[in-house]
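>>> what's the 3D shape of this:
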Amino acid sequence: GYSVSAPFSHFTELGVFKKNNMLTYRIACVGKSTRTNQPKLLCIEFCEESVKVKELAWPTGGIGLGISLSTSFEGLASFSAPLLVGQGTEKGAIGDHGRFYERSFLVALHSNG
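Numbers count the residues shown, from 1 in each chain. Below you'll find the predicted structure:
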């Protein structure tokens, strides 16, 4: 394996959620691989009792080139949007049987040279 080291940049808040009666905070940031010196996009979750760090990997196929070819991150942004699910929510209202959730999105602007 390899490590990810400082400098860390582009800190972006992704939200807070409650798990096991404890608030957990989630952020994204960019660090550098100690093996390749390439930027790595990280997701960090932390609470009073623990810290979890994950590398975020996005697909390389489809409409974009993917982050694997990226030489730098120019910026990160996050936003959230409501999500209605359940019977009767098709028209945009919660109704008697619908539920409301919130979804978080992360956007990365990167440069390939």
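
>>> so what's the residue count around the residue lying closest to residue 46 once chain neighbours are set aside?
Closest residue in space to residue 46, ignoring its immediate chain neighbours: residue 25 at 5.6 Å, by CB to CB, 6 or more residues apart in numbering. The way it works is simple: take the backbone N, C-alpha and C, and place the C-beta from them, glycine included. Residue 25: 13 surrounding residues under other CB atoms under 10 Å.

>>> give me the beta-bridge partners of residue 25?
residue 16, residue 46 (DSSP bridges).

>>> partner strands of the helix or strand of the chain with the lowest mean pLDDT, parallel or antiparallel?
In the chain, no helix or strand scores lower on mean pLDDT, DSSP states H and E than strand 99-111, which sits at a mean of 85. The strands beside strand 99-111 in its sheet (DSSP bridges) come out as strand 72-85 (antiparallel).

>>> so for the strand it pairs with, mean pLDDT?
The average pLDDT within strand 72-85 is 87.

>>> and it, how far out from the chain's middle?
8 Å (CA atoms, centre = their mean, to the nearest Å).

>>> what do you get for stretch 21-36?
Counting by CA atoms, centre = their mean, stretch 21-36 comes out at 9 Å from the chain centroid.

>>> same question for stretch 88-95.
So, by CA atoms, centre = their mean, the centroid of stretch 88-95 is 28 Å from its chain's centroid.

>>> then stretch 40-52?
11 Å.

>>> list the contacts of the residue nearest to residue 46.
13, 15-16, 45-47 (CB atoms under 8 Å, 6 or more residues apart in numbering).

>>> going by distance to residue 30, which of those residues wins?
residue 13 (14.5 Å; CB to CB).

>>> could you find the closest non-adjacent residue to that closest one?
residue 27 (5.6 Å).

>>> dihedrals phi and psi, that neighbour?
Note on residue 27: its backbone torsions stand at phi -130, psi 160 [degrees, to the nearest 10].

>>> all numbers from here: first residue = 46
Got it, first residue is 46 now, which makes that one residue 72.
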